[in-house]
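Colleague: The sequence isn't on hand, but the structure is:
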């Protein structure tokens with residue numbers, strides 16, 4: 001159980017996720033938080049006390065740091081183990097600032113690639129020095145105590161949150177990066193060794209225990225991964241702004257503390273996700289922090305900071321109790337407490353000092369033990385035993401000319417979604433005038449066919465639960481009542497090349513019954529389910545009228561594998577039509593596909609010598625195929641030749657924009673310096689005229705100053721827009737390098753990052769293209 005220690009009224013609003021605790025003075029703990037004015041507010045934390053109290057620090061006791069930039073991240077840490085105090089690390093949209101709080105000085109300030117939206121301090125991989133690892137727009141950078149940069153690598157998108165720990169039991173600390181492109185990436189130094197795809201932006205991460213970590217998404221999802229496998233997840237309507245692993249019960253196993261934008265404070269079981277405790281606070285929770293207080297034998301407690309600047313401290317008490325209760329400070333004058341049980345019920349309990357230990361705590365409720373994993377049910381059915389339910393999924397190309405004729409005959413694109421049921425009535429508006437359903441499968445998609453073995457058991461509706469496919473993660477299909485039969489068909493489109501688990505619930509029953517039976521089944525879609533297998537390579541339709549030109553882009557590499565393993569991999573990841581052995585023999589084989597999303601061609605060939613060629617104009621699709629092949633064939637080292645002219649063509653234009661930005665920026669800096677000298681001279685003349693009381697001259701000078709100020713502000717806005725374009729251009733280059741690296745595996749992949757970085761720094765476009773095409777070797 002948790003007992004209230006104190007409420008610290010900071011009197012400054014706190015930005016979500018931008019509050020940290022550090023030992024800025026030896027033996028003293030401090031809270032540092034970014035307020036809405038982009039200033040860092042530093043307040044000393046009170047000492048451990050047996051009595052709860054409300055504390056309002058004076059303005060003199062608060063230390064305010066003016067950063068003069070938007071504060072995007074905060075962290076604390078030490079570069080060396082013998083350092084007596086922590087340093088404060090401040091991230092801005094352009095740089096990392098390392099600040100020594102007791103000395104009131106900057107240690108160093110470093111420009112970053114795409115800003116510093118997240119910071120973690122520690123060691124990683126085989127790098128012996130402690131680094132300040134900064135995540136920005138499509139890049140990870142690590143700075144040592146001297147400001148050197150021994151770590152730099154590329155990520156696919158902006159890194160919103162970082163944690164450091166050994167996730168795979170290899171004895172080395174990895175960097176876990178939560179990115180805005182819905183990916184949780186795992187890095188060992190510069191090499192990305194794994195990635196996990198989620199359904200929304202990652203907004204929070206926290207380390208638990210035994211290779212477990214908890215994550216939070218912008219869509220309200222909170223879940224736990226054990227190494228690279230997700231154990232459970234729950235979803236709320238609110239956004240999880242803060243998560244923390246902390247042992248509340250004293251059993252050695254950390255529970256999950258979660259703070260939400262709605263003000264809800266929760267404690268959940270790490271193994272099952274069961275809710276152990278909940279409480280509704282008045283304001284959004286900005287951060288949950290663990291404090292290791294040296295003033296009380298390093299006894300740990302937690303801080304829960306709200307967006308309004310109310311910081312509540314809680315200590316663990318009575319660890320042998322099986323009850324989940326938390327006491328909150330109710331009245332600062334008396335020591336009455338608001339005790340809340342695991343169900344959210346509360347009551348005010350007078351707390352009086354005890355003669356022996358000076359305190360007592362009230363508790364009221366028990367929480368049932370969480371269900372074991374074996375209690376989870378995934379396949380179930382109430383349908384009678386003599387009735388079978390069949391689910392069939394196949395790629396459906398639909399209209400052969402769909403991707404050629406996107407518009408209606410009038411030249412206007414249809415505003416209706418392809419799967420909308422459309423009815424046409426007679427002029428009199430009678431309901432009997434409906435002439436039926438349109439063709440739902442005109443647009444290429446996955447065709448779901450669900451039927452019962454007994455025609456008397458009709459299917460009025462189907463519900464699909466999955467993530468990353470439907471808005472709201474669910475889909476309900478129900479045909480009109482007059483068209484209900486024992487067979488139902490509907491289209492589904494999967495947006496990404498990822499394996500998707502779908503839990504399908506089918507309602508079935510006889511027409512004259514008021515209730516329906518239900519049948520539930522979990523199916524896993526293949527990674528490349530949205531690709532239609534063509535019987536004739538080089539065509540884009542099931543019944544082609546003319547051959548399509550082959551893709552210009554390709555990636556080629558060699559493996560030491562047999563051809564039958566290649567076909568086995570293809571059958572596990574694609575829907576193949578007919579006997580795949582007809583497409584090749586031991587001398588080699590070829591498989592041709594067309595994407596059901598955009599008509600993109602994909603041809604995969606393998607020769608008897610183990611040479612694999614993936615032909616497609618999409619470098620993203622090629623990367624997906626190479627990653628899948630490396631996983632399916634257990635490839636540890638892949639060096640490839642990657643030719644994607646459509647992806648590389650835009651690099652020259654991007655680099656010319658970068659050069660233009662640098663030139664304009666230097667000119668603007670020089671212009672601002674010149675204007676500054678003129679403004680200072682004009683201000684001195686205006687003050688001199690004020691002294692002489694020549695007011696017309698004073699007015700003239702101040703009007704000129706006003707005009708100069710407007711002109712400088714306009715130039716500054718232009719500079720901001722140029723910087724945003726510059727950042728976007730750098731991001732596009734970084735993403736292209738990341739896509740090229742996905743076409744390699746192992747050492748060739750990590751080497752490509754370092755060589756490409758040198759090419760970007762030297763603005764050598766030709767070298768960069770050669771590196772992405774032929775690799776670092």
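Modeller: Cool, got the structure. In this text the structure is predicted, and so the values were computed from the model without any measurement. Residues are numbered from 1 along each chain as shown.

Colleague: can we go C-alpha only for contacts and neighbour counts from here?
Modeller: Fine.

Colleague: does residue 495 count as helix, strand or coil?
Modeller: coil (DSSP: H, G, I helix; E, B strand; the rest coil).

Colleague: Distance of it relative to residue 603?
Modeller: In this view, residue 495 and residue 603 are 20 Å apart by C-alpha to C-alpha, to the nearest Å.

Colleague: Who has more neighbours out of the two?
Modeller: Regarding residue 495 and residue 603, a neighbour count based on other C-alpha atoms under 10 Å identifies residue 603 as having more, with 20 against 11.

Colleague: quick one: strands adjacent to the host helix or strand of the more buried one?
Modeller: Residue 603 belongs to strand 601-607 when assigned by DSSP states H and E. Here strand 601-607 is paired, per DSSP bridges, with strand 588-595 (antiparallel), strand 611-615 (antiparallel).

Colleague: Would you single out the least confident of the ones you listed?
Modeller: Mean pLDDT is lowest for strand 588-595 among the strands paired with strand 601-607, at a mean of 88.

Colleague: re the thing from before, can you tell which of the strands paired with strand 601-607 is closest to residue 732?
Modeller: Nearest of the strands paired with strand 601-607 to residue 732, taken as C-alpha to C-alpha: strand 611-615 at 23.0 Å.

Colleague: related to what we said a few turns ago, take the strands paired with strand 601-607 and write them to TSV, including mean neighbour count.
Modeller: Below are the strands paired with strand 601-607 laid out as TSV (neighbours: other C-alpha atoms under 10 Å):
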stretch	mean neighbour count
strand 588-595	22
strand 611-615	22
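
Colleague: Let me know which of these is the nearest to residue 104.
Modeller: Closest of those to residue 104 is strand 611-615, at 57.6 Å (criterion: C-alpha to C-alpha).

Colleague: contact partners of the closest one?
Modeller: With C-alpha atoms under 8 Å, 6 or more residues apart in numbering as the test, strand 611-615 has contacts from 551-559, 601-606, 622, 625.

Colleague: Past that strand, which element shows up next along the chain?
Modeller: Trace forward from strand 611-615 with DSSP H and E and the next one is helix 619-632.

Colleague: Averaged pLDDT, that following helix. What do you get?
Modeller: Helix 619-632 shows a mean pLDDT of 93 in the predicted model.

Colleague: How about stretch 574-585?
Modeller: Stretch 574-585 comes out at a mean pLDDT of 66.

Colleague: Wait, residue 69 touches residue 91, no?
Modeller: No: with contact defined as C-alpha atoms under 8 Å, residue 69 does not count as touching residue 91 (9.3 Å).

Colleague: Show me which of these two is the more surrounded one.
Modeller: More crowded of residue 69 and residue 91, by other C-alpha under 10 Å: residue 91, with 28 against 14.

Colleague: hey, what's that one bridged with?
Modeller: So, taking DSSP bridges as the rule, residue 91 has residue 73, residue 96 as bridge partners.

Colleague: List the contacts of it.
Modeller: 71-74, 97, 115-119.

Colleague: per-residue pLDDT, it?
Modeller: According to the prediction, residue 91 has pLDDT 94.

Colleague: now do residue 548
Modeller: Here, the pLDDT recorded for residue 548 equals 62.

Colleague: Determine the longest helix present in the chain.
Modeller: In the chain, taking DSSP state H as the definition, the longest helix is helix 695-741.

Colleague: In terms of secondary structure, what does that helix contact?
Modeller: The helices and strands touching helix 695-741, judged by 3 or more C-alpha pairs under 8 Å, 6 or more residues apart in numbering; DSSP states H and E, are strand 151-154, helix 619-632, helix 651-692, helix 747-761, helix 765-774.

Colleague: and residue 528, what is it in contact with?
Modeller: Contact analysis of residue 528 by C-alpha under 8 Å, 6+ apart lists 497-499, 573-575.

Colleague: What does it show for phi and psi?
Modeller: Backbone torsions of residue 528, given as degrees, to the nearest 10, read phi -110, psi 50.

Colleague: about what we covered before: are any of the contacts of residue 528 buried, and which?
Modeller: Neighbour-count burial (16 or more other C-alpha atoms under 10 Å) is assigned, among these, to 497-498, 573-575.

Colleague: got those as CSV, with secondary structure columns?
Modeller: Formatted as CSV, these follow (three-state DSSP):
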residue, secondary structure
497, coil
498, coil
573, helix
574, coil
575, coil
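
Colleague: give me the low-pLDDT residue ranges for this protein?
Modeller: Scanning the chain for pLDDT under 70 picks out 48-52, 318-381, 399-439, 535-548, 579-586.

Colleague: run the last query once more with 50
Modeller: Along the chain, segments meeting pLDDT under 50 span 331-335, 346, 348-379, 405-437, 537-546, 582-583.

Colleague: residue closest to the middle of it?
Modeller: Nearest to the geometric centre of the chain sits residue 202, at 2.7 Å (C-alpha atoms, centre = their mean).

Colleague: With adjacent residues omitted, what lies nearest to that residue?
Modeller: Distances taken as C-alpha to C-alpha, 6 or more residues apart in numbering place residue 217 nearest to residue 202, at 4.6 Å, with adjacent residues excluded.

Colleague: Does residue 294 touch residue 27 like I think?
Modeller: Yes: applying C-alpha under 8 Å, one finds residue 294 in contact with residue 27, separated by 5.8 Å.

Colleague: Settle it for me: which of the two has more neighbours?
Modeller: Neighbour count, other C-alpha under 10 Å: between residue 294 and residue 27, residue 294 has more, with 15 against 12.

Colleague: Now that one: phi and psi?
Modeller: phi -70, psi -10.

Colleague: what's the distance between it and residue 383?
Modeller: Using C-alpha to C-alpha, residue 294 is found at 63 Å from residue 383.

Colleague: Kindly report the same for residue 748.
Modeller: Distance, residue 748 to residue 383, using C-alpha to C-alpha: 54 Å.

Colleague: Not counting its own residues, what contacts the strand holding residue 603?
Modeller: 537, 540, 550-551, 563, 566, 587-595, 611-617.

Colleague: The helix or strand where residue 43 lies pairs with which strands, and in what direction?
Modeller: If you go by DSSP H and E, residue 43 is part of strand 39-44. Strand pairing for strand 39-44, using DSSP bridges, gives strand 28-34 (antiparallel), strand 63-66 (antiparallel).

Colleague: which element follows that strand toward the C-terminus?
Modeller: Heading C-terminal from strand 39-44, the first helix or strand you meet, by DSSP H and E, is strand 53-55.

Colleague: Can you give the distance of that following strand from its chain's centre?
Modeller: 37 Å (C-alpha atoms, centre = their mean, to the nearest Å).

Colleague: Please name every helix or strand in contact with it.
Modeller: strand 2-9.

Colleague: And the following helix or strand past the strand it packs on, what's buried?
Modeller: The helix or strand immediately downstream of strand 2-9 is strand 19-25, counting by DSSP H and E. Of all the residues in strand 19-25, those buried under the rule 16+ other C-alpha under 10 Å are 19-24.

Colleague: Can I get those in TSV including distance to residue 661?
Modeller: Below are those laid out as TSV (distance: C-alpha to C-alpha, whole Å):
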residue	distance to residue 661
19	34
20	36
21	39
22	39
23	42
24	40
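
Colleague: Going by distance to residue 182, which of these wins?
Modeller: Comparing the buried residues of strand 19-25 against residue 182 with C-alpha to C-alpha places residue 19 closest, at 24.0 Å.
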